[in-house]
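>>> Predicted model, plus sequence, below.
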There are 2 protein chains.
Amino acid sequence: MKDSSRKEFVMLPRPTFERLKLYHRLLLDVKEEYISSETMARMLKLQPEQVRKDLSYLRTTGKPKLGYRVEELKKELDELFAVKRETTVVIVGAGRLGSALANYRGFARYGIEIVAIFDNDPQKIGQFVSDLVVLPLKDLKRVVKRFNVEIGVICVPEESAQEVANLLVACGIKGIWNFAPVQLEVPEDVVVVNEDITQSLLTLKHLLNLRRSKS
Amino acid sequence: MKDSSRKEFVMLPRPTFERLKLYHRLLLDVKEEYISSETMARMLKLQPEQVRKDLSYLRTTGKPKLGYRVEELKKELDELFAVKRETTVVIVGAGRLGSALANYRGFARYGIEIVAIFDNDPQKIGQFVSDLVVLPLKDLKRVVKRFNVEIGVICVPEESAQEVANLLVACGIKGIWNFAPVQLEVPEDVVVVNEDITQSLLTLKHLLNLRRSKS
DNA sequence: TAGATTGTTAATCGATTAACAATC
DNA sequence: TAGATTGTTAATCGATTAACAATC
């Protein structure tokens, strides 16, 4: 007997996972009731077979002649990415990047609530960033416990990033979103996702360079 | 006869290219004269064989017992990513993100010079952001021609991103760095690199979710 | 019904890993 | 020299693509 709930335990191939994120974003803007693999493929410059294969890892199935039900697909992807699950985060570093993130309205849509922002510059402590007061790092532990914080966002300069990571780990945080261009060392039960814009700069410069040498 | 300069024309596998960016960043902090594949692998959680295979696509070779000459490797990677080649860019969107980028000091190291920042909010036009005056979008074409701008950075809300992309393309820009969470439609000779933080947010939430259900 | 589109199996392609000779 | 480490070939593994039957 096939048990479709089993699918939740099937390991997703990494490339498939990456594309599921793209489908998730794409569907946000889709107004139709159904969407075909063909259409999705065209929008993302993929092969329709690829799209169908990827979606076959999910419980949602398509209807011949119609495609996939957009709402159903959205819902399952929201679940996969735990979008509806409220997660509290703190930002460390109240510089321009930290402030930009604290002000970013798009997080709410992903079930992210920013509960505090920290810095250790006395000039910044006490200042308002969005509707949060900048707190000194010594308050970190207390805030993490109090609000059950799961994610720490590192927005400090390269040099202090590892130190901040250690602090976050010591407070019991299990997820780190790292905006500093360094490879952090953390215990293996801590999840780190790097957001390093210098990396995509390298891609951009390389691609432009290729393009130039072709013409 | 083997001609090592041929290597420049060997197509790099995509995964290799991605890792070369990681090696590039890692080497910035290395003080030693030589580094072994073993060491690099440990720092990036890869296999040493993988590192050697990747580096075998480059002209730089290692020395048995010593490893790879750090300076030589750095230099070749700098070339690959065109780091030393000065590239002028404009930022479109003088909101928090655009301002944060305009103020970011790290770009200089990658041969990036920001020459102007644009917005069409009359409130913002004329204001200073870093050492740049915010200009109206109607000046875009003139500035692009005048400074030979190669890259446009899109820091506007989702709704206007495509419109701005069209404008940039119309001005003759060939590289777009897109911070808006949308898939842009551009002619195929234009290079787009997406920097979509909502995508890594999905990864982070998914990984935390997995971690939770395991325990 | 005919035609469009899904979903799966098999074939192909490409990347990683293992093994090991070369070499400093 | 002995030992460490590279660099390459071959074996394995995994992902993509092709083909096509199933089905609405």
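All right, it came through fine.
>>> what's around A:Leu55, how many residues?
22 (other Cβ atoms under 10 Å in any protein chain shown). Any C-beta I mention is one placed from the backbone N, CA and C, and that applies to glycine too.
>>> could you say which helix or strand contains the nearest residue to it once chain neighbours are set aside?
Closest residue in space to A:Leu55, ignoring its immediate chain neighbours: A:Tyr68 at 6.5 Å, by Cβ to Cβ, 6 or more residues apart in numbering or on different chains. Assigned by DSSP states H and E, A:Tyr68 belongs to strand A:68-69.
>>> Enumerate the positions of the next helix or strand after that strand that are buried.
Once the chain leaves strand A:68-69, the next helix or strand it forms, by DSSP H and E, is helix A:70-80. Buried residues in helix A:70-80, defined by neighbour count with 16 or more other Cβ atoms under 10 Å in any protein chain shown: A:Leu73, A:Lys74, A:Glu76, A:Leu77, A:Asp78, A:Leu80.
>>> Helix A:70-80 and DNA strand D, any residue contact?
No - Helix A:70-80 stays clear of DNA strand D (Cβ under 7 Å from any atom of the strand), getting no nearer than 14.4 Å.
>>> Identify the residues contacting whatever helix or strand comes next after that helix?
Counting by DSSP H and E, the next helix or strand C-terminal to helix A:70-80 is strand A:87-92. Around strand A:87-92, the neighbours that count as contacts under Cβ atoms under 8 Å, 6 or more residues apart in numbering or on different chains are A:98, A:101-102, A:111-119, A:137, A:140, A:143-144, A:147-156, A:164, A:167-168, A:177, B:205, B:208.
>>> Which of those residues fall within helices?
Within the contacts of strand A:87-92, residues falling in helices by DSSP state H are A:Gly98, A:Leu101, A:Ala102, A:Leu140, A:Val143, A:Val144, A:Phe147, A:Val164, A:Leu167, A:Leu168, B:Lys205, B:Leu208.
>>> What sits closest to A:Leu73 if chain neighbours are left out?
A:Thr60 (5.2 Å).
>>> mind checking pLDDT for A:Pro13?
Turning to A:Pro13, the model gives it a pLDDT of 96.
>>> buried residues in stretch A:25-36?
Buried residues in stretch A:25-36, counted by 16+ other Cβ under 10 Å: A:Arg25, A:Leu26, A:Leu27, A:Val30, A:Tyr34, A:Ile35, A:Ser36.
>>> So is the helix or strand hosting the third one next to DNA strand C?
Read it as A:Leu27. Applying DSSP H and E as the criterion places A:Leu27 in helix A:14-28. No - if you take Cβ under 7 Å from any atom of the strand as the test, helix A:14-28 misses DNA strand C, and the best it gets is 9.8 Å.
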